[in-house]
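Enquirer: what follows is a predicted structure for the sequence shown.
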Amino acid sequence: MSTSPAVPPSSALDLEGVTRTFGKLRALDGTTLSIPKRSIFGLVGPNGAGKTTLFSVIAGFLQPDAGRIEILDGLAPGDSRLLGRMSILPQDALFDRNMTIVDQLMLLRRLEGASRRNARLEVAEALTRVGLGDYLERGVSVLSHGMSKRLGIVQAFLGDPELIFLDEPTSGLDPRNAKRVREVIRELSVHATVVVSSHNLFELQDLCDHVAILDRGVVKAQGSMSEITRGARRLEIELERTLVGEERAAIEALAGVRVAEDLGGGRYIFPLEAIENEQGNRTVRAILGELLRREITPRSFREGSSLEEIFLQLTDDTSE
Amino acid sequence: MQSRRIRLVSLYSIPAILRNGSGITYVFITFVLGITITEPLLVFYESGILPIDEVLSKLEIAISVLLAAVSLEGTFPDLVDLGGKGELTGAAEWATYLLHQRPALLSAVFVLEMLCIPLFVATGAFNQLSGDLQFGAIRYQLLRVSRTELFLGRFFGMAAFSILLISTLLLAVVLYMGLRLDLYEWGELLAWGSRGILLFAVMSIPYVALCTMISANVRSPFGSLILTSAVISGVPLVSLSAMTAWAPLGKILYLLPWGFQHRLFHPDPQQALLAVAGCFAYTAIYLVLGCLLFRRRDL
Amino acid sequence: MATSDRPSGLTALAVINFILSFMQLLSMGSLLLARYVRAPHAVGNSHIPEGQAAQLAALAEVPTLTIVILCSLLGISGVLLFVTAFGFLHRKRRFGKHATTLYVINDLTYVACLIAMMPEAHIRGLGISLIRTVFYPIFVGTLVHTVFRRDLVR
């Protein structure tokens, strides 16, 4: 693995051709990825896609077989200059069951250079912020799953690191706790680049501004959320009633519109030949104009597709 | 590498050892068994069952056989035979030094403890990193401290704890002898006792380093316990039994400080210094090897 | 959600205390046995080694009050160890921390009384095990008031 200082300043992390195998299994297969600074970056992929392996390789827990990784101004994983600048919420890691929560978090802050007094103050404040203020002197065994996730997130954001990896921060949480965790991530991620992996695509679409889709260790797509979700060039529309044949044919005859897909209940998908720029806007205006002229009221419409649809298109359904 | 981070890791690891069941067991085993094994040595004299001269003459044979055995001078049955006939000249001189020129019962305690303390260390120092590896707790620390710093921090914490524990045990024995037995002057007892405590501290360090190496590279505390105990107790057993088949196989003993640690109490100061240097060299070897493996391994 | 965040060190101490509490009660029984059953028959018994016979002879001279005091202290230690074991498991301030303090005081008092009140021949027979007797209360007392001070709070 080589390290080159020539990293674009806009990237918090660059990976090129990163490969990691476990026996015959190729968990990362030439993974290439670039994560912009100050973004909330979503990493999605089916089970076994290599998300956790990718996080572990970047964090230096696992050694890559090949490839180039440059973190925060061209540093390689394990470089001592990264200590304290990067943090992670690992997926399956448990805190020490025998030590109190405050002692464990204080050690982490003190390793980053904080004094004992400041470390305690910061830890107490951070835990209070996520509703764990009463658990300072307790062990982790008394925490529920949701509380443990919040504790893990607090440790990841402790000391304001520049780059934070959260591996499935809401997995196994009920909707209320998941929402709370998302709020915590949003609140704490103002000054940092945050990389979140999750199976919950609606959550990522809501939370992230950039996304990459990983399948069998290969990045299938990456970019800003709007780029990825608009990439399918379609208009999903819900009408007050279903279209009769002639109405539907009239819309399909408009310039830039292809054959519509009827989802039932007055919902249609119109694939568009172009949705970018002015031509795309003209096509959308023409469809809406045609509907209004025929006195058909659109209840809702959405450009592009959901992350879930893109995900299903790009990933192989035979993935484990 | 920052000494501050190493210090923090080691300072944190000491209460962590005590809050862990294995740490409590380590203290309990070391102290209770450490005291118990000295009991038979003292009880004959204290209870008036045997006069001190008779105790010493029996000890002299036993210690000279033991010293000859760990010096690989022959197989154990042969040495027992030779010892009974008084033909173990080198080892006998050494035993005479320990029993006649130094407080005899304290020397005998030292010889016994020398055989047991490595085993106590194996049962106490096995879980320096393996538990954290198994449950992943180490991952929270790894982006704040380098692997080398973590490895060394845990080693220094456990070494400090072990030295404190072993020193307390030996100090208790020395004080007991001074207060209860009217055999030795306080001056000679304290001089020999403090030298012994220092030498035991030196002797325990390579074993702690060996345990650090093993626990940093075995992902299960139980596996680490089995391995540390098997290695530390197995090496002398294998070596001494293998040399009955072919004498050079006895050199296996030198894989661990078993081969030379008894020389820490050698009458020749040069030999004792060489043994001290050996302990530090073995510590360095285990640490470097363990650290290299730990730095390369997947966590 | 797990119900207990008791450190495993505290569990280990509780197990040790349970075992030691029974051993204290056994010690009490063996002291009574030695004083009132074995010692009176030791004088002139040629089957008992000389050193041991001297110890038993000395023990036969010990006043009943001394035996009562020592047995009471041993019994109290045994009970306190049992209580502290329960206190450690349930992380109780009163039964864990305070009972340990009482145990430490009681056990050290026992050792002091033993040395002050029992004949020298008997003390010599106990030998270095006295150190073990002194060590444990100091060890457990220190731990409860330092390492585990924030765990025994209920």
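Expert: The structure has been received and is ready for your questions. In this text, all values refer to a predicted model and were calculated from it rather than measured experimentally.

Enquirer: and stretch C:85-94, which residues are buried?
Expert: Of all the residues in stretch C:85-94, those buried under the rule 16 or more other CB atoms under 10 Å in any protein chain shown are C:A85, C:F86, C:G87, C:F88, C:L89, C:R91, C:K92. Yep, even glycine has a C-beta here, placed from its N, CA and C like the rest.

Enquirer: check stretch A:278-295 too.
Expert: A:G280, A:T283, A:V284, A:I287, A:E290, A:L291.

Enquirer: now it: average pLDDT?
Expert: For stretch A:278-295, the mean per-residue pLDDT is 84.

Enquirer: stretch C:118-125 too?
Expert: 75.

Enquirer: neighbouring contacts of that stretch?
Expert: B:43, B:46-48, B:180, C:51-52, C:54-55, C:57-59, C:61-62, C:66, C:70, C:114-115, C:130 (CB atoms under 8 Å, 6 or more residues apart in numbering or on different chains).

Enquirer: and the helices in the chain?
Expert: Since you didn't name a chain, this refers to chain A. Shown for chain A, the helices assigned by DSSP state H span residues A:51-59, A:101-111, A:116-129, A:145-157, A:175-188, A:201-207, A:225-230, A:245-252, A:277-293, A:307-314.

Enquirer: to clarify, I was referring to chain C.
Expert: C:8-33, C:39-42, C:50-60, C:64-90, C:99-117, C:120-126, C:129-145.

Enquirer: mean pLDDT for these: which is lowest?
Expert: Among the helices of chain C, helix C:39-42 scores lowest, with a mean of 69.

Enquirer: can I get that one in CSV, CA atoms only?
Expert: The C-alpha trace of helix C:39-42 is given here as CSV (Å, rounded to 0.1, in the frame of the first residue of the first chain):
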residue,chain,number,x,y,z
ALA,C,39,-5.7,-30.8,74.7
PRO,C,40,-6.9,-32.5,77.9
HIS,C,41,-5.9,-35.9,76.5
ALA,C,42,-2.6,-34.8,75.0
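
Enquirer: dump the residue contacts of residue 102.
Expert: The chain I'm using is chain A. A:R120, A:V123, A:A124, A:L127, A:L136, A:E137.

Enquirer: nope, chain C please
Expert: C:L80.

Enquirer: do C:I131 as well
Expert: Here C:I131 is in contact with B:I35, B:A172, B:V173, B:Y176 (CB under 8 Å, 6+ apart).

Enquirer: quick one on the thing from earlier: go through the helices of chain A and name the closest to A:E16.
Expert: Across those, A:E16 has its closest neighbour in helix A:51-59 (12.6 Å, CB to CB).

Enquirer: list the contacts of the closest one.
Expert: With CB under 8 Å, 6+ apart as the criterion, helix A:51-59 contacts A:13, A:15, A:18, A:20, A:27-28, A:31, A:33, A:43-45, A:62-64, A:69, A:71, A:77, A:86, A:88, A:90-91, A:165, A:167-168, A:195, A:197, A:214, A:217, B:139, B:142-143, B:298.

Enquirer: now A:T32: how far from A:S197?
Expert: Distance of A:T32 to A:S197, computed by CB to CB, to the nearest Å: 17 Å.

Enquirer: sorry, that was for B:S215
Expert: 31 Å.

Enquirer: next: A:N47.
Expert: In this view, A:N47 and A:S197 are 12 Å apart by CB to CB.

Enquirer: same deal with B:L142?
Expert: 18 Å.

Enquirer: can you map out the strands along the stretch 1-150 of chain B?
Expert: Remark: strands of the stretch 1-150 of chain B are absent; assignment by DSSP state E, counting those that start in this stretch.

Enquirer: which members of the contacts of helix A:51-59 additionally contact chain C?
Expert: With respect to chain C, and counting by CB under 8 Å from any CB of the partner chain, no part of the contacts of helix A:51-59 is in contact.

Enquirer: so how do I select the buried members of those residues in PyMOL?
Expert: Filtering these down to the buried ones (16+ other CB under 10 Å) takes a single PyMOL command:
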select buried, (chain A and resi 13+15+18+20+27+28+31+33+43+44+45+62+63+64+69+71+77+86+88+90+91+165+167+168+195+197+214+217) or (chain B and resi 139+142+143)
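
Enquirer: ok, which residues in the stretch 1-150 of chain B are in contact with chain C?
Expert: Residues of the stretch 1-150 of chain B lying near chain C (CB under 8 Å from any CB): B:15, B:18-25, B:27-28, B:31-32, B:35-36, B:38-39, B:42-43, B:46-49.

Enquirer: how about low-confidence regions in the chain?
Expert: Using chain A here. A:1-9, A:230-233, A:274-277, A:303-307, A:309, A:316-320 (pLDDT under 70).

Enquirer: meant chain B, my bad for not saying
Expert: For chain B, the ranges with pLDDT under 70 are B:89.

Enquirer: quick check: most distant residue from the centroid of it.
Expert: Relative to the centre of chain B, the most outlying C-alpha is that of B:L143, 34.5 Å out, by CA atoms, centre = their mean.

Enquirer: quick check on the residue of chain C found nearest chain A: phi, psi?
Expert: In chain C, the residue that lies nearest chain A is C:D5 (2.8 Å; CB to the nearest CB). Note on C:D5: its backbone torsions stand at phi -120, psi 30 [degrees, to the nearest 10].

Enquirer: and for the nearest residue to it once chain neighbours are set aside, the neighbour number?
Expert: Of all residues not flanking C:D5 in the chain, A:G139 sits nearest, at 2.8 Å (CB to CB, 6 or more residues apart in numbering or on different chains). Neighbour count for A:G139, taken as other CB atoms under 10 Å in any protein chain shown: 23.

Enquirer: for A:R176, same thing?
Expert: 9.

Enquirer: could you measure from it over to A:M147?
Expert: 13 Å.

Enquirer: contacts only, for the closest residue to chain C within chain A.
Expert: Residue of chain A nearest chain C, by CB to the nearest CB: A:G139 (2.8 Å). Residues in contact with A:G139 (CB under 8 Å, 6+ apart) are A:R97, A:N98, A:M99, A:T100, A:I101, C:D5, C:R6, C:P7.

Enquirer: same check on B:A108?
Expert: So B:A108 contacts B:L41, B:L59, B:I63, B:L98, B:L99 (CB under 8 Å, 6+ apart).

Enquirer: so what's the second one closest to, chain neighbours aside?
Expert: In space, B:L59 comes closest to B:A108 once its chain neighbours are excluded; the distance is 5.2 Å by CB to CB, 6+ apart.

Enquirer: if I look at the most centrally placed residue in chain C, how far off is C:S72?
Expert: Nearest residue to the geometric centre of chain C (CA atoms, centre = their mean): C:Q24, 4.7 Å. To C:S72, C:Q24 is 12 Å away according to CB to CB.

Enquirer: A:V184 now?
Expert: 59 Å.

Enquirer: give me the phi and psi for whichever residue of the stretch 101-250 of chain B sits closest to chain A.
Expert: Nearest residue of the stretch 101-250 of chain B to chain A: B:G136, at 3.1 Å (CB to the nearest CB). Dihedral angles of B:G136 (phi, psi; degrees, to the nearest 10) stand at phi 80, psi 0.
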